[in-house]
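1. Any chance you can model this:
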Amino acid sequence: MPDDSVVDEDESKIVTKFLLDTCRQQQISKPYLQAIGVCDILATSYVDDDEEFRMIPVITGSVAEFYIHPMFSCVGDVDIMCHTNDQLAIPDGYTPPSRLPAEFHSRVKACKIVDSANLGYVYLMPYYWLTKNSRTDYDALQDDAFQYLSRSSTLDTAFDTHGPAHKIKPGAMGMLEADRVGCVRCLSWPPQAADWPTRHRNYGWPDLATVDRVVNNGCDVVHATHPLCRQDEWMNKHQWRLSFSRAEIALLNSWMSVQQIVYHMLPVFVKTEQLTDVTDDTGLKILSNYNIKSLMLWACESKPKSWWVDDLNTVGIFVEMLHTLAVWLSDARCPHYFITRCNLFHHATTSCSVQQLVIEFMSSTKAGTAKWFITKYIHRCAELCRDEGVSRLFDDVTTSMKLQRAVSGVVDCRLSTALKDMWTLYNSAEFHIMSYLRVRSLTLRPRDCQWIKELTKVDSCLDVYFAAVVFLHVAYKTARNSLNDKLIDVLATTLGHFIGERCHYNQLSSVLSLSQAAM
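-> Below you'll find the model as predicted:
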């Protein structure tokens with residue numbers, strides 16, 4: 001008679017199969033659609049006499065990094081980085097650019113990036129004024145002010161007085177909070193991370209195409225003070241941190257699905273157990289989500305593909321990752337993935353809290369971890385099922401057969417709603433487009449297409465849908481009245497979204513618009 005007891009190895013395989021079966025691979029999601037809506041608000045909320053001025057939002061964080069969508073999401077909020085088109089950061093020693101992307105202002109304050117005593121943290125000193133002298137070229141005039149840029153000189157103040165605050169509260173039931181981070185754009189790859197593109201990689205990740213894409217996209221500089229400098233009033237106002245959020249999005253989107261699943265498992269565990277709230281003897285938090293991301297990035301580069309996919313077991317990989325994190329904590333050494341000489345840990349190894357975390361992580365086993373995910377993760381997923389009977393199956397999982405039956409019930413529930421959930425998301429996106437154009441169909445400007453660009457990244461069909469709705473609006477207005485200059489400008493803006501933005505946003509004329517519409 002076969003032994004029907006729950007075997008530890010069986011449990012880890014059950015958890016692995018559950019995650020593989022329920023983590024949908026799709027770009028569109030409810031949080032992503034909400035993030036696009038927030039981008040629209042940020043891009044159009046600032047009112048200024050200067051019609052060239054623009055806020056340029058970018059979706060970052062887990063909403064942009066994940067292409068898998070598990071039943072139990074660890075996405076807590078929407079992260080948006082936002083920079084203005086009249087400021088630019090340039091690495092120290094670099095020649096100011098003679099050309100800038102089309103979205104930049106005709107007059108740009110270019111700030112020199114100056115290293116601080118803390119790796120990865122910098123100061124910004126206004127050094128040049130870049131002034132457009134033609135449709136594409138800029139002249140550079142040195143700024144003799146030589147005063148470090150402070151927070152009061154950047155986007156943060158503009159938002160505090162003219163628009164949304166740093167944290168945008170949910171506007172309706174089910175909506176996530178949105179965190180807006182002001183930054184200064186840097187179009188160059190920073191010299192602080194100069195060795196990252198060329199360092200030796202044994203297993204070919206990231207590949208050369210991904211490395212080139214990351215480097216060509218530069219970085220950003222966000223207002224943040226080093227944890228050990230926060231008591232200094234001047235540094236709190238003037239210190240900045242190099243941000244590689246754009247690079248991280250590109251890298252995480254190049255991961256295999258199993259790597260994304262493990263990266264999902266780690267924050268869920270850390271968040272559920274409230275481990276990011278643990279502090280050392282000085283009151284500083286020991287562990288952050290960025291430490292987890294750094295751990296995963298290094299693992300993806302240093303482990304062969306076979307380590308991830310041969311005899312696939314996400315629980316076993318998860319446990320090994322925790323053991324590595326324990327070593328890092330014990331050594332007080334968490335290497336920054338891009339700036340390798342930068343240590344992201346600032347705690348003392350003698351702290352009791354650190355030692356407790358090390359013991360907890362090192363004592364993790366496949367059996368214990370599998371049980372944790374069955375109890376704290378899969379059971380919670382069961383509670384999300386519309387069929388209450390699925391959740392009741394977990395009242396008795398004392399045998400392998402009963403556990404498998406309960407887990408299969410959750411998987412079936414997830415699969416049965418796939419098409420309906422996808423239809424709901426696309427219906428929501430299309431409704432948002434129609435509602436938006438109902439209000440702005442006659443005042444559409446290139447800056448208003450920012451969130452449409454984000455939709456394009458998700459699915460090109462939504463981009464086509466946007467254009468079709470615009471054309472229908474114009475056709476309706478033309479049938480009732482006639483094709484006037486304003487309608488031609490709307491058509492030109494819509495078509496310009498496909499063929500590339502014009503260099504002069506605010507000089508729309510009938511002749512220019514008609515010419516572009518013809519193109």
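2. Show me what counts as buried in the helix or strand where Val469 lies.
-> Using DSSP states H and E, Val469 sits in helix 460-480. Of the residues in helix 460-480, Leu462, Asp463, Tyr465, Phe466, Ala467, Val469, Val470, His473, Val474, Lys477 count as buried by neighbour count, 16 or more other CB atoms under 10 Å. Just so you know, the C-beta spots here come from the backbone N, C-alpha and C atoms, and that holds for glycine as well.
3. Please state the offset of that helix from the chain centre?
-> Centroid separation between helix 460-480 and its chain, computed with CA atoms, centre = their mean, to the nearest Å, is 30 Å.
4. Tell me which other helices or strands that helix touches.
-> When contacts are defined as 3 or more CB pairs under 8 Å, 6 or more residues apart in numbering; DSSP states H and E, helix 460-480 packs onto helix 418-440, helix 450-458, helix 485-499.
5. and these, which one is worst for confidence?
-> Among these, helix 450-458 carries the lowest mean pLDDT, at a mean of 66.
6. Tell me, how many residues neighbour the spatially closest residue to Ile59 that is not a sequence neighbour?
-> Nearest residue to Ile59, sequence neighbours excluded (CB to CB, 6 or more residues apart in numbering): Ala35, at 4.6 Å. A count of neighbours around Ala35, defined by other CB atoms under 10 Å, yields 27.
7. Surely Ala35 and Ala178 touch.
-> Yes - counting by CB atoms under 8 Å, Ala35 sits close enough to Ala178 to count as a contact (7.2 Å).
8. who touches both of those two?
-> Listed as contacting both Ala35 and Ala178 by CB atoms under 8 Å, 6 or more residues apart in numbering are Val78, Ile80.
9. Show me the shaky parts of the stretch 301-450 of the chain.
-> 439-450 (pLDDT under 70).
10. who touches the residue nearest to Leu487 when sequence neighbours are not counted in this structure?
-> What sits nearest to Leu487 in space, not counting adjacent residues and going by CB to CB, 6+ apart, is Val474, at 5.2 Å. Taking CB under 8 Å, 6+ apart, we find Val474 in contact with Ser441, Leu483, Leu487, Val490, Leu491.
11. Looking at neighbours, which among those is most surrounded?
-> Val490 (25 neighbours).
12. Would you mind measuring from that residue to Asn481?
-> Distance, Val490 to Asn481, by CB to CB, to the nearest Å: 13 Å.
13. Same question for Thr350.
-> For Thr350, the distance to Asn481 - CB to CB - is 78 Å.
14. Can you spell out which residues form a bridge with the residue nearest the centre of the chain?
-> Central residue of the chain (CA atoms, centre = their mean): Thr60, 2.0 Å from the mean position. Thr60 has the following beta-bridge partners by DSSP bridges: Asp79.
15. Surely it and Ile80 touch.
-> Yes - Thr60 is within contact range of Ile80, at 6.9 Å (criterion: CB under 8 Å).
16. is it true that Tyr94 touches Ser188?
-> Yes - under the criterion of CB under 8 Å, Tyr94 makes contact with Ser188 at 6.0 Å.
17. re the thing from before, format the helices and strands packed on helix 460-480 as JSON lines; extra columns: distance to Ser98.
-> Listed next are those as JSON lines, based on distance: least, CB to CB, whole Å:
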{"stretch": "helix 418-440", "distance to Ser98": "35"}
{"stretch": "helix 450-458", "distance to Ser98": "26"}
{"stretch": "helix 485-499", "distance to Ser98": "24"}
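18. Let me know which of those helices is the nearest to Thr399.
-> helix 418-440 (29.4 Å; CB to CB).
19. So which elements touch that closest one?
-> helix 30-44, helix 450-458, helix 460-480.
20. next structured bit after the lengthiest strand in the chain?
-> Criterion DSSP state E: the longest strand present in the chain is strand 121-132. Sequence-wise, the next helix or strand downstream of strand 121-132 (DSSP H and E) is strand 138-142.
21. Check which helices and strands that next one is in contact with.
-> strand 121-132.
22. Measure how far the strand it packs on is from the centre of its chain, please.
-> For strand 121-132, the distance to the chain centre is 26 Å (CA atoms, centre = their mean).
23. hmm, who's touching it?
-> Residues contacting strand 121-132 (CB under 8 Å, 6+ apart): 88-90, 96-97, 100, 106-116, 138-143, 145-149, 184, 192, 221, 224-226, 229, 238-242.
24. Using ChimeraX, make a named selection holding only the buried ones among those.
-> Buried members of these can be picked out in ChimeraX with the line below, counting by 16+ other CB under 10 Å:
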select :88,89,90,96,97,100,106,108,109,110,111,112,113,115,116,138,140,143,148,149,184,192,221,224,225,226,238,239,240,241,242
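25. Which ones among the contacts of strand 121-132 lie within helices?
-> His238 (DSSP state H).
26. all helices for the stretch 301-450 of the chain, in order.
-> 305-309, 314-331, 352-362, 366-373, 379-382, 388-392, 400-416, 418-440, 450-458 (DSSP state H, counting those that start in this stretch).
27. Pull out the buried residues from the first one.
-> Of the residues in helix 305-309, Trp308 count as buried by neighbour count, 16+ other CB under 10 Å.
28. cool, the fifth one as well?
-> Of all the residues in helix 379-382, those buried under the rule 16+ other CB under 10 Å are His379, Cys381, Ala382.
29. quick revisit: could you measure from the residue nearest to the centre of the chain over to Arg180?
-> 11 Å.
30. tell me, what's touching these two both at once?
-> With CB under 8 Å, 6+ apart, Thr60 and Arg180 have common neighbours Ile80.
31. so who does Ala209 touch?
-> Contacts for Ala209 were tallied using CB under 8 Å, 6+ apart; there are none.
32. Give me the buried positions along whichever strand or helix holds it.
-> In this structure, Ala209 sits in helix 208-216 according to DSSP H and E. Going by neighbour count (16+ other CB under 10 Å), the buried part of helix 208-216 is Val211, Arg213, Val214, Val215.
33. pLDDT averaged over it - what is it?
-> Averaging pLDDT residue by residue across helix 208-216 gives 97.
34. The longest strand of the chain: which residues count as buried?
-> So, applying 16+ other CB under 10 Å, buried residues of strand 121-132: Tyr121, Val122, Tyr123, Leu124, Met125, Pro126, Tyr127, Tyr128, Trp129, Leu130, Lys132.
35. From Met434, how far out is the residue nearest to Ile59?
-> From Ala35 across to Met434, the span is 19 Å (CB to CB).
36. now Asp21
-> Counting by CB to CB, the gap from Asp21 to Met434 is 35 Å.
37. Strands along the stretch 151-300 of the chain, start to end?
-> Along the stretch 151-300 of the chain, the stretches classed as strands by DSSP state E, counting those that start in this stretch are 167-168, 177-186, 219-223, 240-243.
38. okay, the ones you listed in CSV with distance to Val407 next?
-> Output for the strands of the stretch 151-300 of the chain, formatted as CSV (distance: least, CB to CB, whole Å):
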stretch, distance to Val407
strand 167-168, 37
strand 177-186, 32
strand 219-223, 42
strand 240-243, 40
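39. Of the ones you listed, which is nearest Thr198?
-> strand 219-223 (16.8 Å).
40. so what strands line up beside the closest one?
-> Applying DSSP bridges, one finds strand 219-223 paired with strand 177-186 (antiparallel), strand 240-243 (antiparallel).
41. Please save the CA atoms from that strand in CSV.
-> The C-alpha trace of strand 219-223 is given here as CSV (Å, rounded to 0.1, in the frame of the first residue of the first chain):
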residue,chain,number,x,y,z
CYS,A,219,20.8,57.0,-15.7
ASP,A,220,19.0,59.5,-13.4
VAL,A,221,20.0,61.4,-10.3
VAL,A,222,17.4,61.4,-7.5
HIS,A,223,17.3,63.5,-4.4
